[in-house]
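Student: Take this sequence and fold it.
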Amino acid sequence: QVHLVESGGGLVQAGGSLRLSCAASERTFSTYTLAWFRQAPGKEREFVAGITRSGDNTYYADSVKDRFAISRDNAKNTMNLQMNSLKPDDTAVYYCAAPPRHFGGRMTRPHEYSYWGQGTQVTVSS
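Tutor: The predicted model follows:
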């Protein structure tokens with residue numbers, strides 16, 4: 001089991017940047033594939049970005065490709081999401097998530113993930 005805690009959300013103007021972080025205390029952190037999802041009011045939760053256990057491979061939703069960058073530091077038990085060129089459509093609650101331990105591959109559907117943080121609000125004003 002892994003407990004995930006997000007931080008770094010806030011209010012930013014369109015075109016601005018934010019950096020989200022996800023932290024865990026478990027020593028097994030490096031054995032989990034990780035991802036960011038987001039959910040806007042009245043919409044389904046959607047995949048944003050994913051990263052493999054080693055951090056060597058990343059993948060993104062088309063809507064954020066070339067604007068967002070996911071990374072992780074297994075020595076510090078943290079994962080980050082650097083968000084640039086933010087748009088009002090990026091407004092949502094952002095969640096970090098992990099599938100069952102040792103699961104790998106390109107997973108983009110919420111039901112594939114077992115562990116979720118509490119979420120952090122990102123609001124982009126126009």
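Student: Nearest residue to residue 85 in space, please, no chain neighbours.
Tutor: Take residue 85 and drop its neighbours on the chain: the residue closest to it by Cβ to Cβ, 6 or more residues apart in numbering is residue 67, 4.7 Å away. Glycine gets a C-beta too; all of them are placed from N, C-alpha and C.
Student: these two touch, right, the one you found and residue 82?
Tutor: No. Between residue 67 and residue 82 there is no contact under Cβ atoms under 8 Å: 9.2 Å.
Student: about what we covered before: counting neighbours, what do you get for the residue nearest to residue 85?
Tutor: The local packing of residue 67 (other Cβ atoms under 10 Å) involves 15 other residues.
Student: Over to residue 10?
Tutor: Applying other Cβ under 10 Å, I find that residue 10 has 13 neighbouring residues.
Student: Can you show me the strands along this protein?
Tutor: With DSSP state E, the ranges of strands along the chain come out as 5-7, 10-13, 18-23, 34-39, 46-51, 58-60, 68-73, 78-83, 92-98, 115-116, 120-125.
Student: and stretch 114-123, which residues are buried?
Tutor: The neighbour-count check on stretch 114-123 (16 or more other Cβ atoms under 10 Å) flags 115-117, 119-120, 122 as buried.
Student: How about residue 77, nearest residue that isn't a chain neighbour?
Tutor: In this structure, residue 77 finds its nearest non-sequential neighbour in residue 29, 4.3 Å apart by Cβ to Cβ, 6+ apart.
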